[in-house]
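A.B. asks: Sequence and predicted model, in that order:
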Amino acid sequence: MLNKLLNFYCAAKQLKLTFTKLKFKRMKFFIDTANLAQIKEAQDMGVLDGVTTNPSLMAKEGIKGQNNILKHYVDICNIVTGDVSAEVIATDFDGMVAEGEALAALHERIVVKIPMIKEGVKAIKYFTEKGIKTNCTLVFSAGQALLAAKAGATYVSPFIGRLDDVSTDGLALIDDIRLIYDNYGYETQILAASVRHPMHIIECAKLGADVATCPLSAITALLNHPLTTSGLAQFLADAKK
């Protein structure tokens, strides 16, 4: 009898995991930039699902001044058809709430990007209750990802490339978060960040990440294979004969 109950429990758990994974029907590609030309290029390819930005990316494009930054967010939203993460600068609860509400009011596509700190988790809970989407950024552990999900974050952003930089397996973190979220049915989407190259994208897809955000170069690198290049050259040469 005990064995039957154990077998039933294991089967039910496996069924739950399978059902949960079926909800994630396709992987999303976000581009991590504030460059409008690159965003448009990715959009024109037909593979872009959203954009992530931060103050460093804004500065890289020479976008300075609060009004110009806010206008740039709107310009991005007018190009894409998916979510656009806009990051708060404040690190206190009241400051993050004020900035986040102002950002969310800019456009319906805006997702408020919040750092993984204690006050940030409180702010995520606040925004969740207000129906405002959030992206919990600077996540480097499964425990942090669990807190973000419990607070109701729309996205959680584990930085896999930065973990690799300090001799830690960033992809293992994606695997851990996927297991935890599937165990408990959390709807927070795993947004793999600090993605450096095409194999990062492929491995994240194999592990079940919901989103990969990366430079345009990492996405276009997926196009490349020497056999495709040589095969096309041969087809074109034969067509001329």
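C.D. replies: That came through, no problem. Residues are numbered from 1 along each chain as shown.

A.B. asks: What are the buried residues along stretch 178-197?
C.D. replies: Neighbour-count burial for stretch 178-197 flags 178, 181-182, 186, 188-196 (criterion: 16 or more other Cβ atoms under 10 Å). To be clear about C-beta, it is placed using only N, CA and C from the backbone, and glycine gets the same treatment.

A.B. asks: For the residue sitting nearest the centre point of the chain, list the residues it contacts.
C.D. replies: Taking Cα atoms, centre = their mean as the criterion, residue 191 is the residue nearest the geometric centre of the chain, at 2.5 Å. Residue 191 is in contact with 30, 52, 135, 155, 156, 157, 158, 209, 210, 211, 212, 213, counting by Cβ atoms under 8 Å, 6 or more residues apart in numbering.

A.B. asks: Tell me, how many residues neighbour residue 131?
C.D. replies: If you count neighbours by other Cβ atoms under 10 Å, residue 131 ends up with 7.

A.B. asks: Also residue 204?
C.D. replies: Residue 204: 26 neighbours (other Cβ under 10 Å).

A.B. asks: Which strand or helix spans it?
C.D. replies: Taking DSSP states H and E as the criterion, residue 204 maps to helix 198-207.

A.B. asks: can you pull the buried residues of the helix or strand just after that helix?
C.D. replies: Using DSSP H and E, the next helix or strand after helix 198-207 towards the C-terminus is strand 211-214. With burial defined by 16+ other Cβ under 10 Å, the residues of strand 211-214 counted as buried are 211, 212, 213, 214.

A.B. asks: ok, back up a step: so which elements touch the helix holding residue 204?
C.D. replies: With contacts taken as 3 or more Cβ pairs under 8 Å, 6 or more residues apart in numbering; DSSP states H and E, helix 198-207 sits against helix 160-165, helix 170-184, strand 211-214, helix 216-220.

A.B. asks: Report the beta-bridge partners for residue 51.
C.D. replies: When bridges are called by DSSP bridges, residue 51 pairs up with residue 31, residue 84.

A.B. asks: how close does it get to residue 132?
C.D. replies: Going from residue 51 to residue 132 by Cβ to Cβ, to the nearest Å gives 17 Å.

A.B. asks: which of the two has more neighbours?
C.D. replies: The neighbour count for residue 51 versus residue 132, taken as other Cβ under 10 Å, is higher for residue 51 (28 against 20).

A.B. asks: lowest-confidence helix or strand of this structure?
C.D. replies: Using mean pLDDT, DSSP states H and E, helix 2-22 stands out as the lowest-scoring helix or strand of the chain, at a mean of 58.

A.B. asks: from memory residue 110 sits against residue 104, does it?
C.D. replies: Yes - using Cβ atoms under 8 Å, residue 110 makes contact with residue 104 at a distance of 5.3 Å.

A.B. asks: picking up where we left off before, switch the buried residues of strand 211-214 over to TSV; also include pLDDT and distance to residue 223.
C.D. replies: Below are the buried residues of strand 211-214 laid out as TSV (pLDDT from 0 to 100; distance: Cβ to Cβ, whole Å):
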residue	pLDDT	distance to residue 223
211	98	20
212	98	15
213	97	18
214	96	14
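
A.B. asks: any residues in contact with both of residue 110 and residue 104?
C.D. replies: residue 133.

A.B. asks: any residues touching stretch 119-133, and which ones?
C.D. replies: When contacts are defined by Cβ under 8 Å, 6+ apart, stretch 119-133 is touched by residues 83, 88, 91-93, 96-97, 100-101, 104, 110-112, 114, 134, 136, 147-148, 151-155.
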